[in-house]
Structures are given as C-alpha cells and as structure tokens.
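K.L.:
3D, please:
(2 chains)
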Number of protein chains: 2
Amino acid sequence: MAVNLSVPMASELKPVLGLDLGYAKANIKKEDRKDLLVMRLAPSATVAGVFTKNRFCAAPVQICKSNLEKTHAEGKKICALMVNTGNANAGTGEAGYRDAVETSAALAKLLGCNPEQVLPFSTGVILEPLPVDKILAGLPVAVADLKADNWLNAAEAIMTTDTIPKAASRTLVIDGKTVTITGMCKGSGMIKPNMATMLGFMATDAAIPRDVLDAMLRSAVEKSFNCITVDGDTSTNDSLILIATGKVDIGITDTQSVNYRKMRDAVTGLAQELSQKIVRDGEGASKFITIVVEEGRSEEECRQIAYSVAQSPLVKTAFFASDPNLGRILAAIGYAGIEDLDVDKLNLYLDDVWVAKNGGRNPAYLEEDGQRVMKKKEILVRITLARGNASSTVWTCDLSHDYVSINADYRS
Amino acid sequence: MAVNLSVPMASELKPVLGLDLGYAKANIKKEDRKDLLVMRLAPSATVAGVFTKNRFCAAPVQICKSNLEKTHAEGKKICALMVNTGNANAGTGEAGYRDAVETSAALAKLLGCNPEQVLPFSTGVILEPLPVDKILAGLPVAVADLKADNWLNAAEAIMTTDTIPKAASRTLVIDGKTVTITGMCKGSGMIKPNMATMLGFMATDAAIPRDVLDAMLRSAVEKSFNCITVDGDTSTNDSLILIATGKVDIGITDTQSVNYRKMRDAVTGLAQELSQKIVRDGEGASKFITIVVEEGRSEEECRQIAYSVAQSPLVKTAFFASDPNLGRILAAIGYAGIEDLDVDKLNLYLDDVWVAKNGGRNPAYLEEDGQRVMKKKEILVRITLARGNASSTVWTCDLSHDYVSINADYRS
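P.N.:
Have a look, this model is predicted:
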C-alpha cells in the first residue's frame, strides 16, 4: 500500500551511456526472483560513495570503502558493481569478509579486471552466511544480460520488502549538451539512513572528476537520503553511489562553476525523489508525512526536532488512525533534547491549519479542521521555533498494523 | 495481555501511617470511572520528587516543582497531592497553568492549608483544556473518602490505558522497628521516562529528612524508572514522588548510615518492581524483555546500547513474532552511537544461548535454540562489549499489533 507511488515505465528510465546493467535469478533466498545485479562501467567513469555509520557495517560495505580508497590512491578505476539481495552479509565476521572478496574476484575475472576494481553490495537478512555458490553460479548469467537499457530490471533486482521498484531519470541541457542522470534505490524498513539509504545508485553520463563527484554526492545526500526515516533503524548496509561515466564533457573541474551547481542541483533533486520513494513504499506506509522545522538556531537542531517527531511511535500511529491527537507532536518536540527550547514561542501547523500557538492550543483551532487534514494521504507538519533562521525537512510515513505484520513475518 | 502481571489483593498493600487516600468518579473523560485521587499527608511528612525532562512539561509538573522548592525554602510542608486522569493539562499554555492553580487552591481550602502546599498531577490527553468544573465537583467526594487503607482504589484511580492497577508493598525491620513502604504507579504508553515514569507514588512511614529523601529517590530512580521503555516516547507529565510520613524514627539523618542504605535498597527494590509492572503492562505487550549490557567502559554507554536495542521497532516486532531474527539486535547495537565500539569483540546471548561470538554468528549457534528462547514470555538479552567493567540493565516489551490498535484508538 505504497503512498502515491507506481511502477515506473521502462521508457521513463533513460540509459546512461557508459553504464550497462544485467541481472540474474540466483535463488539466493527465494526461487524465481531477480536477486543478483551487475553494473559495468566504462573506463572513463568516476565513482563516489557514502556508507552507513552503523558500527556493525557489513563486509561488502567495508570492502566498498577500502576499494574506493585503494583505486583512488593507485589511480585505477572502478570497473563494476555487484548487488545481491536476500542476504546482508552483515554480522558474519571474517567469513563474511572472505565471501565478499571471493564473489568480487569471480566477477572481476569474468570482466577482465582486478578484484579491487569491483564494489560489492548486499542487502537482506543479517547474521546468516552468504550463499556464495548461488552467487558464483548467477554472475555469468547477469554478465550475459549486460546492457544500458536495463534500469527497470535492475531496480527490480535490488528489491527486498519493497513493493514497488524505485527509479527515476532526468535530463538537462548544459552548454547545449544533453546530460542524463538516472538512479534507483531500494529499502522500506530498517530505514533511518545515516549517510545513505540501504542501497541507492545514481549515474550520469557527464564527465566529473572523482573529488568533485564526491563533494556533489555528499551535498545531495544531506538534503535527501539523510532526511528520511521509516522506523528509525539505521541499517548495517546503507550505501549510496554516484557514478559519472565521463561520456559528456561539460567542463566541470571543481565545485565553483555554474555547471557544477546545475549538476549538483539536478543530482540533489533526483536523490530527493528517490529517497521519498523509499518513504512512500515504507513498510506498511499508508501516509506520506513531510515535517518542516523552521526558525531554529541551526539546521542541526531543526533536524533533531523533526526526527524526534518523525520517529515517535505515538505520532506515527495517530497518523495511521487519521486521529488529530496532536499533543503527541508537542510531546515529541519536547523530548527532542533541545535543552533551552522556549516552548511558549512555538507554533504548530498541519497543512494550512494553525494547531498550536505560542506553545498552547490555538484558540481558533477546531478539531474538525485537524480531522480534515489528518484524513489526507500526504500531510505537511510545520513547526516554527522563533529563535533563528535555520530550517530542516524530514520525510516519513505512518506506523500501521502492516508494519508489524511485515516485520513479524519477514524471514518466513 | 499484560505479561505475568495480576491485580494485587487489597490486603497485600500495606497502609502507611500518616498517609490517607481518597478517590472520586469525576467523569473527567469517561463516565463511572475512578479518575480523581487525593492524598493527604501528616504534618510530619517530607516529600521528594523527580519530574520529566520533556521541554513541554505539563502545567501541574511546573507547579509541583515550584511548590516543592517554595515550601522547602519557607520551611513549610506539603500537605496533599491530587491526581486526575483523562487529561494531561499539557500543551495548554497559560490557561492550563491557571486551571492547575485553581484546582489546587480548591483542595487546599477543603483541607485547610495553603495552595502551595498542594502538589497537582495530571495524566491523559495532551493539548486539551482541563475540565476544571468536573474536578472541583469531585474533590469533596475524594476528600470524604480519605483513609489509609485505600491503596488499591488509589492505584485504580490513576490508570489510563493501563489494563491492571500497579501497586506493591514491602516491610522491613530496622533496629527492631517495622517500617512499611508502599507504592503505586501508572503508565503503559508514552513510556521512556527521563527522570521518572508517567506517574509514580511511593510512601514510607519512616522519618527521613527532606534532603536525604531526595538523594534516596534520585538513587532509586536511576536503577528503576530510568531503565524502562515501552515506545521511546518521553511523556510531558512524568513524575515520581517519594513520601516519608515521619511516623517511625529509625535515626536516618544523612546518606552515610547503614539504616539509610537499608531504606535506599528497599525503596530501590520497590521502584524496580513498580517500573517493571509498567513494562509488563506496556501497551500491547506480550513479552517482557530484560536487556543487560556488560563489560562497557561506562554505565552511560551500556545504557545507550541497551536503549538502542530496546527501542528498535525491528527488534521489538521480532520478539512479538517469536522470530530469532537476531541480526536486528546487532544492527541496533551498531547504530547506538558508540563511535569506537569494536564489534569484533562483541558477544550476544539470548538466555543461555550464545548467539553471536566475536561479532559474528557463533558457529555452535543453532536456529532451533534461538527459536526455543524466543517463544518464552520473559527473555534475557545479554550483550558483552569486552572493553571495561561497567554494566547497565533496561527493561522493555515487544511491539505488537495491539500497540498500534491501542494508539490508533486512544482518543475514541
């Protein structure tokens, strides 16, 4: 029951020159399901990545980080990415690390590159050994399928509890040249990214130096994947990758140019669209909630308050029930940990309805107005703090019976 | 469906000499329900309190704090406590403050004391005006009911979504004198106390100076009410009160004596029993979970990890489903925010079952052993960090369909 989210048409997802995708059904956890993906990059491509801050970060995440560093230091390129679903290869200790190295090496051999030029990604159940043989058997199938016009299959191949594949494209014209950016992501539970979501991949055909690409990705993630939460659980496998295949030269050499800003804004927009798709398809989601906190002293404190509201089970169940039990929002603001917050200056709005004024119930507030807004599928919660000029936005969903059902049944 | 929790017998709840309790059915939110409580203290009584750290702390909480300070400074005594359910008088601004003052003054008049000698408490829906007239009408009824042997009625009168009244007693003999301690509490949702639970009241007939009583309460709360969570939501109204009616002199004058420690340990034990009752009656709870984190560098980091596990919706739904999806526990440890945690040294046990060894799956771990423990109603999760000697314990419950139902329906 994803909120205002449908399967994209294959034709909407523009191929990115210099990036081919191929999938296999490797039977990793379930039969007859797309569960293994290979992405092959042109030698001109640069790659940037941000990863989970969970201390139990999965073996593939550790390898991704180290391979990105190593190839960068040695002036080499990343030549391929591989993704399996059904198993997170996390909490698997040294054996998990060896398994990830072994499968990466197998793909490197198939593609004629070195193992450290491969980035591995895994998503699924934690604490279970990676089914290496199934992946080794699936890799040649995925490699045989490699083609540029394959994003929808790829988006399907990285799904776990997602109900809908998530991908989007945009094109922009810079200096008369058409640039394409296409991305996909997966994830609907264990979602409170801290650097990135469970798995997200974006690619452009523009030529962008590695360091500049890195800055662009970090800027984009702060306004997208780092602003969402489904259940407050930060995954062990969160990874977000930005690839520039280097096929279209628009003269980007640093982060100061107008063209950099154009590309950064487009990448940020795509990242926002993708990250919001994750919330719309959040486990059990029936509502899409935007929480805006304004007039704070810093973005940090605004985000802290927004997350406190977004993660409150009581607030989330009230949204599920369409019950304007809005005092729960005040309580969540109050325990957000802002020590010197003056609640007597605080205002709360639900869409166009002014609910709380100067910290108390707005005398003009009518229950029926709150009720009207709570029944909508997309709701804006706006909180003003009257203590500064900073603001922050967080996107989340409600907490429903289906969330409990999905997570009580996940492994069965 | 409270976990191993039943209604106490009235005879189990020992009267505390110097403390009378009386209730009324004031129709505050529902008809024919005990919803108003008055407690009258002997002139010899001392009172200590700890309160919510929520910035949106309710009007009665503000008044309690200020009246405790004021009477202490002026050498006066608290003479009564009053509690209403059905309305939290929080998020109600200046009007809420005036309402709490007015109802306190009415009780003071009935009892022949000053308004600042009354401590008011409210619990229920936030952001709605206090029904002052109903409370004013109920107070004389409650006062007429005042008697020492009335704890079970009192425990019923402070319930909201609680399914079972929560109270307990203990007696101990100190220097040949029998001392009684009786307490009660309420709360089952919006429970992650930060200083105290929603409402808790403990009383002893021992004579204990106010400052010493304060130290005793703060020590007890750190090992009881500050170690529980149901849903991670810190209430606007959390208050925990310890009363010493001064009827039994056991020579406590400071915090150094043996008798102080005996009393402190007994009060701590009672506070633990009461706080655990809140978890056992947690909204929708079907399991009672004890999370022990050991071998940490500080109690603080152990508690941080324990709470991260205790508050993870994914961990809580796995307990609900009796599904040994234990990787979710590792993920929650990993995102607890301990930057330098070496997960390769970490062990995880479920009761007697060694699940994770040195950060990965214990080779000897069998799914059927995990399954066996997960089916129990009371489960011990033990985590060892191998980096110090500190430890911490947190008590919590699972996240069930009923939690969502209860909170989706709360106001209706």
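K.L.:
burial check on the closest residue to residue A:136 other than its chain neighbours, number of neighbours?
P.N.:
In space, residue A:136 comes closest to residue A:106 once its chain neighbours are excluded; the distance is 5.3 Å by CB to CB, 6 or more residues apart in numbering or on different chains. Just so you know, the C-beta spots here come from the backbone N, C-alpha and C atoms, and that holds for glycine as well. By other CB atoms under 10 Å in any protein chain shown, 19 other residues sit near residue A:106.
K.L.:
where do the helices of the stretch 151-300 of chain A begin and end?
P.N.:
Taking DSSP state H, counting those that start in this stretch to define them, one finds helices in the stretch 151-300 of chain A at A:151-157, A:210-222, A:258-280, A:299-311.
K.L.:
the residue nearest to residue A:136 sits in which helix or strand?
P.N.:
For residue A:106, the host element (DSSP states H and E) is helix A:93-111.
K.L.:
in that helix, what counts as buried?
P.N.:
Across helix A:93-111, burial judged by 16 or more other CB atoms under 10 Å in any protein chain shown covers A:93, A:95-97, A:99-101, A:103-104, A:106-108, A:110-111.
K.L.:
pick out whichever of the residues you listed sits closest to chain B.
P.N.:
Nearest to chain B among the buried residues of helix A:93-111: residue A:93, at 2.4 Å, using CB to the nearest CB.
K.L.:
OK, contacts around the closest one?
P.N.:
B:344, B:358-361 (CB atoms under 8 Å, 6 or more residues apart in numbering or on different chains).
K.L.:
swap the cut-off to 7 Å and go again
P.N.:
For residue A:93, the contacting residues are B:358-360, by CB atoms under 7 Å, 6 or more residues apart in numbering or on different chains.
K.L.:
can you tell me which of these are buried?
P.N.:
Using 16+ other CB under 10 Å, the buried ones in the contacts of residue A:93 are B:359-360.
K.L.:
so which of the contacts of residue A:93 reach chain A?
P.N.:
B:358-360 (CB under 7 Å from any CB of the partner chain).
K.L.:
helix, strand, or coil at residue A:381?
P.N.:
Of the three states, residue A:381 takes strand under DSSP: H, G, I helix; E, B strand; the rest coil.
K.L.:
which other residues reach the helix or strand bottoming out on mean pLDDT in chain A?
P.N.:
The helix or strand with the lowest mean pLDDT-type score in chain A, counting by mean pLDDT, DSSP states H and E, is strand A:228-229 (a mean of 80). If you take CB under 7 Å, 6+ apart as the criterion, strand A:228-229 is touched by A:191-193, A:275, A:278-279, A:307, A:310-311, A:394-396.
K.L.:
now those residues in TSV, with pLDDT and distance to residue B:165?
P.N.:
Shown next, in TSV, are the contacts of strand A:228-229 (pLDDT from 0 to 100; distance: CB to CB, whole Å):
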residue	pLDDT	distance to residue B:165
A:191	72	39
A:192	69	37
A:193	63	43
A:275	88	46
A:278	88	44
A:279	89	41
A:307	93	36
A:310	94	34
A:311	90	31
A:394	93	39
A:395	93	41
A:396	93	36
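K.L.:
what about these, which one has the most neighbours?
P.N.:
That'd be residue A:396 among those, by other CB under 10 Å, with 31 neighbours.
K.L.:
state the phi and psi torsions of that one.
P.N.:
The phi/psi pair for residue A:396 (degrees, to the nearest 10) reads phi -150, psi -180.
K.L.:
partner strands of the least confident helix or strand of chain A, with direction?
P.N.:
Note on strand A:228-229: by DSSP bridges, its sheet partners are strand A:390-397 (parallel).
K.L.:
hey, C-alpha coordinates of the next helix or strand after the partner strand in CSV?
P.N.:
Moving toward the C-terminus from strand A:390-397, the next helix or strand (DSSP H and E) is helix A:401-409. Written as CSV, here are the backbone C-alpha positions of helix A:401-409 (Å, rounded to 0.1, in the frame of the first residue of the first chain):
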residue,chain,number,x,y,z
HIS,A,401,-0.6,-2.8,11.6
ASP,A,402,1.1,-3.8,8.3
TYR,A,403,4.5,-2.6,9.6
VAL,A,404,4.1,-5.0,12.5
SER,A,405,2.9,-7.8,10.2
ILE,A,406,5.7,-7.3,7.7
ASN,A,407,8.4,-7.4,10.3
ALA,A,408,6.9,-10.2,12.3
ASP,A,409,6.9,-12.3,9.1
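K.L.:
one step back: dump the contacts of strand A:228-229 to a markdown table, plus distance to residue A:255.
P.N.:
Listed next are the contacts of strand A:228-229 as a markdown table, based on distance: CB to CB, whole Å:
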| residue | distance to residue A:255 |
| --- | --- |
| A:191 | 29 |
| A:192 | 28 |
| A:193 | 23 |
| A:275 | 22 |
| A:278 | 27 |
| A:279 | 29 |
| A:307 | 28 |
| A:310 | 30 |
| A:311 | 33 |
| A:394 | 26 |
| A:395 | 26 |
| A:396 | 31 |
